[in-house]
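*Asks:* can you look at this prediction? I've put the sequence above it.
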Amino acid sequence: MLVLAQGNHVATVQHPLLSGEIVMSFTNIVQKIKSEAAFYFNLAKDTEGASGIEYAIIAGMAAVALAAFMTPISGAITLIFTGIKNVLVPATP
């Protein structure tokens, strides 16, 4: 049973998945929603790991450029990327 209370107004909701009683005021619900919204907003603004990703992209682009323009090392680079791919494929869910 879920009980929502605001002042003198009380609403009761029966739910089969809830065991026991939960009493939550309207103010608590609004505070929880605001807290979660702030968390996701700050998560979207977080750019902490972006520079590492940018360096990885630049390194990948440089390797592709080298493979395209230098035939003697293209086989070695292809072998390296194939090895990376073989390691990453089993890690995917």
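*Replies:* Right, received. Where do you want to start?
*Asks:* helices along this structure, start to end?
*Replies:* Ranges of helices in the chain, per DSSP state H, are 26-45, 50-69, 71-88.
*Asks:* how about JSON lines for those, with mean pLDDT added?
*Replies:* Converted to JSON lines, the helices of the chain look like this (pLDDT from 0 to 100):
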{"stretch": "helix 26-45", "mean pLDDT": "80"}
{"stretch": "helix 50-69", "mean pLDDT": "78"}
{"stretch": "helix 71-88", "mean pLDDT": "78"}
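*Asks:* can I get those helices in JSON lines with mean neighbour count?
*Replies:* (Each C-beta comes from the backbone N, C-alpha and C, glycine too.) Shown next, in JSON lines, are the helices of the chain (neighbours: other CB atoms under 10 Å):
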{"stretch": "helix 26-45", "mean neighbour count": "10"}
{"stretch": "helix 50-69", "mean neighbour count": "11"}
{"stretch": "helix 71-88", "mean neighbour count": "11"}
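*Asks:* check residue 21 and give its pLDDT.
*Replies:* Listed pLDDT for residue 21 reads 48.
*Asks:* for the one 4 residues further on, same thing?
*Replies:* On pLDDT, residue 25 comes in at 72.
*Asks:* how's the chain carved up into domains?
*Replies:* Listed by automatic domain parsing, the domain ranges of the chain are 2-45, 50-91.
*Asks:* neighbours of residue 25, just the number please.
*Replies:* Residue 25 has 13 neighbours, counted by other CB atoms under 10 Å.
*Asks:* tell me the bridge partners for it.
*Replies:* Under DSSP bridges, the beta-bridge partners of residue 25 are residue 5.
*Asks:* distance of it from residue 39?
*Replies:* 21 Å (CB to CB, to the nearest Å).
*Asks:* over to residue 62?
*Replies:* Counting by CB to CB, the gap from residue 62 to residue 39 is 37 Å.
*Asks:* kindly report the same for residue 79.
*Replies:* 44 Å.
*Asks:* and what of residue 77?
*Replies:* 42 Å.
*Asks:* residue 51 now?
*Replies:* For residue 51 relative to residue 39 (CB to CB), the value is 23 Å.
*Asks:* same check, this time on residue 86
*Replies:* Taken as CB to CB, the span from residue 86 to residue 39 is 37 Å.
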